[in-house]
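In: heads up, no residue letters with this:
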């Protein structure tokens with residue numbers, strides 16, 4: 001069965017599986033003043049209004065859920081839509097969803113923890129840890145460091161762009177929805193293609209988003225950490241923070257309850273339920289979470305609960321995006337660090353994020369630089385994938401309002 005997807009949504013496709021690409025939550029912000037007194041107040045009405053704008057940006061064909069957490073008071077929540085297409089039950093407040101590429105921030109955190117423990121160095125080459133894996137067709141693992149993998153500066157081909165994988169996913173989705181292709185096989189697919197570039201000492205840093213980088217980062221982490229990447233994330237992040245609603249289901253195609261069903265339109269206009277699949281099972285996309293747990297995770301990053309100060313500084317060392325026109329077109333502002341984007345706020349300063357775009361779902365988390373405020377927006381499609389540039393503008397506005405506003409007494413939705 002053929003699924004009709006937008007150009008950018010094709011980047012959410014995983015080898016023999018729909019996956020995730022970088023399509024950031026952007027806000028065209030102009031730094032003004034950080035004076036708290038000058039910031040607008042923020043309440044349930046503003047959040048609900050901004051969420052309605054996100055839904056309109058999605059063409060009205062998305063269910064949307066948002067949660068704002070601050071250092072004081074109860075969380076603020078808003079939702080629009082139903083649990084199933086045509087159903088009456090509203091989106092559950094604690095709905096589980098696949099976070100897609102937001103998984104990369106979890107993976108980068110583990111690698112940085114291993115670096116803090118001297119189990120690996122960010123300057124280690126891929127060849128050092130994975131001899132012969134990145135080679136052929138101009139690929140050279142001796143020129144690529146662990147840091148390059150995490151900050152998307154390796155130049156490696158993105159395996160989900162492989163024409164055979166694209167054909168399988170778009171023309172044969174139902175046949176491929178339970179695909180379990182191992183990460184090493186997906187890396188081998190990327191090695192059939194020439195890289196976009198090869199990092200060169202002494203030359204300007206180049207950047208291009210590639211899911212292949214995080215498959216390799218996980219393989220390095222497994223060797224250095226002595227366990228599977230899933231176990232490393234579960235022990236070092238999920239259990240450490242007590243994220244009771246965050247998991248890595250692996251090859252299990254089912255989402256935990258409660259969740260929202262996702263749908264995509266086929267070529268003949270039929271609505272296809274795409275909730276159940278095994279496609280996002282690798283280290284670039286496999287985490288399942290909730291808005292509450294994602295806010296906890298990103299706040300823990302920013303306030304020092306997950307990384308020592310040195311590694312948190314490393315994570316925030318960003319580079320300019322140079323070789324990915326689609327990424328820059330969708331997010332005209334911001335830079336990229338180690339599994340983390342930095343985006344300017346209209347009130348001054350920056351926030352940190354990593355978007356996730358998967359099969360029928362889009363995730364937009366964000367945290368203030370000091371970790372005191374966090375917001376996550378979750379979108380689930382009911383027909384066609386949304387225009388991500390429009391969605392990013394709307395979610396960017398919501399994030400900017402939530403993080404720049406004066407603290408007021410929160411109200412629950």
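Out: Received it, and whenever you're ready, just let me know what you need. Bear in mind the structure is a predicted one, so any value in this text is a computation, not a measurement.
In: Could you tell me what pLDDT the model assigned to the residue nearest the centre of the chain?
Out: The residue lying closest to the centre of the chain (Cα atoms, centre = their mean) is residue 102, at 2.4 Å. Note on residue 102: pLDDT of 98.
In: so how far is residue 100 from the nearest residue to it once chain neighbours are set aside?
Out: Closest residue in space to residue 102, ignoring its immediate chain neighbours: residue 356 at 3.8 Å, by Cβ to Cβ, 6 or more residues apart in numbering. The C-beta positions use only the backbone N, C-alpha and C, and glycine is treated the same way. To residue 100, residue 356 is 3 Å away according to Cβ to Cβ, to the nearest Å.
In: Thought residue 101 was touching the residue nearest to residue 102, still the case?
Out: Yes - between residue 356 and residue 101 there is a contact under Cβ atoms under 8 Å: 4.4 Å.
In: More neighbours: those two, which one.
Out: residue 356 (31 against 28; other Cβ atoms under 10 Å).
In: And the more buried one, how far from residue 392?
Out: For residue 356, the distance to residue 392 - Cβ to Cβ - is 12 Å.
In: what do you get for residue 253?
Out: Taking Cβ to Cβ as the criterion, residue 253 is separated from residue 392 by 29 Å.
In: repeat for residue 106
Out: For residue 106, the distance to residue 392 - Cβ to Cβ - is 21 Å.
In: Secondary structure element holding residue 54?
Out: Per DSSP states H and E: residue 54 is located in helix 44-57.
In: Residue 293 too?
Out: Residue 293 belongs to helix 291-302, assigned by DSSP H and E.
In: just checking, what packs against that helix?
Out: Applying 3 or more Cβ pairs under 8 Å, 6 or more residues apart in numbering; DSSP states H and E, one finds that helix 291-302 makes contact with strand 62-70, helix 103-116, helix 240-241, helix 309-315, strand 350-353, strand 361-368, strand 373-381.
In: Can you give me the buried ones in stretch 358-369?
Out: Applying a neighbour-count criterion of 16 or more other Cβ atoms under 10 Å, one finds 358-368 buried in stretch 358-369.
In: er, stretch 78-89 actually
Out: Buried, per 16+ other Cβ under 10 Å, within stretch 78-89: 78-83, 85.
In: now do stretch 280-297
Out: In terms of neighbour count (16+ other Cβ under 10 Å), stretch 280-297 has its buried residues at 280-297.
In: same check, this time on stretch 304-323
Out: Neighbour counts over stretch 304-323 (16+ other Cβ under 10 Å) mark 306-307, 311-312, 314-316, 318, 321-322 as buried.
In: Averaged pLDDT, it. What do you get?
Out: 98.
In: Ok, stretch 81-95 next?
Out: Mean predicted lDDT for stretch 81-95 stands at 96.
In: repeat for stretch 147-162
Out: Averaging pLDDT along stretch 147-162 yields 97.
In: any idea how far stretch 182-201 is from the chain center?
Out: Distance of stretch 182-201 from its chain centroid, counting by Cα atoms, centre = their mean, to the nearest Å, is 21 Å.
In: hang on, I meant stretch 127-141
Out: 26 Å.
In: Taking helix 103-116 as reference, get the angle to the host helix or strand of residue 218.
Out: Using DSSP H and E, residue 218 sits in helix 212-225. Orientation check (axes from the mean of the first three to the mean of the last three Cα atoms, to 10 degrees): helix 212-225 against helix 103-116 gives 40 degrees.
In: Skip ahead from helix 212-225 and say which helix or strand is next.
Out: Later in the chain than helix 212-225, the nearest helix or strand by DSSP H and E is helix 229-233.
In: hmm, who's touching that next one?
Out: The contact list for helix 229-233, computed with Cβ atoms under 8 Å, 6 or more residues apart in numbering, reads 106-107, 110, 218-219, 221-222, 225, 248, 250, 283, 286-287.
In: Highest neighbour count among those?
Out: The residue in the contacts of helix 229-233 with the most neighbours, by other Cβ under 10 Å, is residue 287 (32 neighbours).
In: For it, which non-adjacent residue is closest in space?
Out: Closest residue to residue 287 apart from its sequence neighbours, by Cβ to Cβ, 6+ apart: residue 103 at 4.3 Å.
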